[in-house]
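Colleague: Quick one: sequence plus predicted model below, questions after.
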Number of protein chains: 2
Amino acid sequence: MIEPDDTDRAILRALARDAGQSAGALGRRLGLSQPATWRRIRRLQEAGVITGRVLDLDKEKLGFGVTVFLGVKLATKGRISLEDFERAVTAIPEVQTVEHVLGMYDYRLRVTARDLADFERVLRRRLMTLPGVGNVEANVLLSEERRPGPLG
Amino acid sequence: MIEPDDTDRAILRALARDAGQSAGALGRRLGLSQPATWRRIRRLQEAGVITGRVLDLDKEKLGFGVTVFLGVKLATKGRISLEDFERAVTAIPEVQTVEHVLGMYDYRLRVTARDLADFERVLRRRLMTLPGVGNVEANVLLSEERRPGPLG
DNA sequence: TGTGAAAAAGTCGCGAG
DNA sequence: CTCGCGACTTTTTCACA
């Protein structure tokens, strides 16, 4: 575990809001020179704290208006079963996120489809036929708000 | 809804993998000139398809080793109740994501804490006291894999 | 759309605190 | 060990064909 100081935290906080801003503008706001700011960002990258920059896309405008969360309970839970399930679910392009969890479900999936008819197709032909699936529960996404998190 | 062509989709696909790469390098790979690539990116931004660039952080290295998903069922579901709940939950810094969903639960929350003891504190003092909460179900995150999604 | 150029940002080395 | 300064490189951004 790494120990970023307050300045690093301020940088992460700012970049978490908008990763597109320049190190110079950020440094000016923090009273730091551009190279110093840039060096800290790179240090955070090399330390593995920043693992990457990702695009935030409006999926509705791309024609994917339906997002469904699936809670999956496996029927058989040997090690082979877990690996089989993960390999099979990873091959489904509509699955955006695979979360292995502890609790009422074994896996939680985030699935994106063009519409409900498209989702039904994915559900019936790909998801329900996944190896080892016991019970499946679905929640349709109405709206979502992402927040900075504890370090923000 | 927007109609991006194949080139736009290739750009989005590439940027979804790594939003940090330059328009020039991307254009070279796609056989497009640098300004043309950049103009397409900016057009996608202005069209609202690209809503932002976000940092991908390793929360464990920042001392937040525990992520828990909460499924929340409200006891009372009037419009006022929803707004009260959303306002209260948004004020909790440990809550990273608030998803309003349809199904077995009314809301799904992604909560980050330093460890299980810290999570218990948040759960007892902040989450269980949220207005209108009926039933709460928790899943502890073991591992997570994000995939490019349908357009990737 | 491509080409070429200006402006801005990123990158590295050096000396100071 | 980190900062700031200056030079150098790359990228972004714009004007024009």
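Modeller: Structure's in. What do you need?
Colleague: Just the helices from chain A, written as ranges.
Modeller: A:6-17, A:23-30, A:34-46, A:79-90, A:116-122 (DSSP state H).
Colleague: chain center to the shortest one, what's the gap?
Modeller: Shown here is helix A:116-122, whose average C-alpha point lies 22 Å from the average C-alpha point of the whole chain (CA atoms, centre = their mean, to the nearest Å).
Colleague: Remind me what that helix packs against, helices and strands.
Modeller: Helix A:116-122 sits against strand A:66-74, strand A:107-113, with contacts defined as 3 or more CB pairs under 8 Å, 6 or more residues apart in numbering or on different chains; DSSP states H and E. Every residue, glycine included, has its C-beta placed from N, CA and C.
Colleague: Could I get these in a markdown table, plus columns for mean pLDDT, distance to DNA strand C and mean neighbour count?
Modeller: Formatted as a markdown table, the helices and strands packed on helix A:116-122 follow (pLDDT from 0 to 100; distance: least, CB to the nearest atom of the strand, whole Å; neighbours: other CB atoms under 10 Å in any protein chain shown):
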| stretch | mean pLDDT | distance to DNA strand C | mean neighbour count |
| --- | --- | --- | --- |
| strand A:66-74 | 97 | 31 | 21 |
| strand A:107-113 | 98 | 28 | 22 |
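Colleague: So which of the ones you listed is nearest DNA strand D?
Modeller: Judged by CB to the nearest atom of the strand, the one of the helices and strands packed on helix A:116-122 that comes nearest to DNA strand D is strand A:107-113, at 27.3 Å.
Colleague: partners of that closest one in the sheet?
Modeller: Strand pairing for strand A:107-113, using DSSP bridges, gives strand A:66-74 (antiparallel), strand A:95-103 (antiparallel).
Colleague: Would you mind splitting chain A into its domains for me?
Modeller: For chain A, automatic domain parsing gives the domain ranges A:6-46, A:66-140.
Colleague: now the shortest one: mean pLDDT?
Modeller: pLDDT averaged over domain A:6-46 equals 94, rounded to a whole number.
Colleague: I'd like the distance from it to the chain centre, please.
Modeller: 23 Å.
Colleague: Endpoint to endpoint, that domain covers what distance?
Modeller: Across domain A:6-46, the terminal residues are separated by 18 Å (CA to CA, to the nearest Å).
Colleague: again with stretch A:15-31
Modeller: Taking CA to CA, stretch A:15-31 runs 16 Å from one end to the other.
Colleague: Show me which residues of chain A are close to DNA strand D?
Modeller: A:7, A:27, A:31-33, A:35-36, A:39-40 (CB under 7 Å from any atom of the strand).
Colleague: re the thing from before, may I see the strands paired with strand A:107-113 organised as a markdown table, with distance to residue A:125 added?
Modeller: Listed next are the strands paired with strand A:107-113 as a markdown table, based on distance: least, CB to CB, whole Å:
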| stretch | distance to residue A:125 |
| --- | --- |
| strand A:66-74 | 14 |
| strand A:95-103 | 13 |
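Colleague: What sits closest to residue A:59 if chain neighbours are left out?
Modeller: Counting by CB to CB, 6 or more residues apart in numbering or on different chains, residue A:59 lies nearest to residue A:112, which is 6.1 Å off, once chain neighbours are set aside.
Colleague: Hmm, that neighbour is touching residue A:66, no?
Modeller: Yes. Counting by CB atoms under 8 Å, residue A:112 touches residue A:66, with 7.1 Å between them.
Colleague: residues in contact with the residue nearest in space to the middle of chain A?
Modeller: In chain A, the residue lying closest to the centroid (CA atoms, centre = their mean) is residue A:97, at 6.2 Å. Neighbour list for residue A:97: A:108-110, B:144-147 [criterion: CB atoms under 8 Å, 6 or more residues apart in numbering or on different chains].
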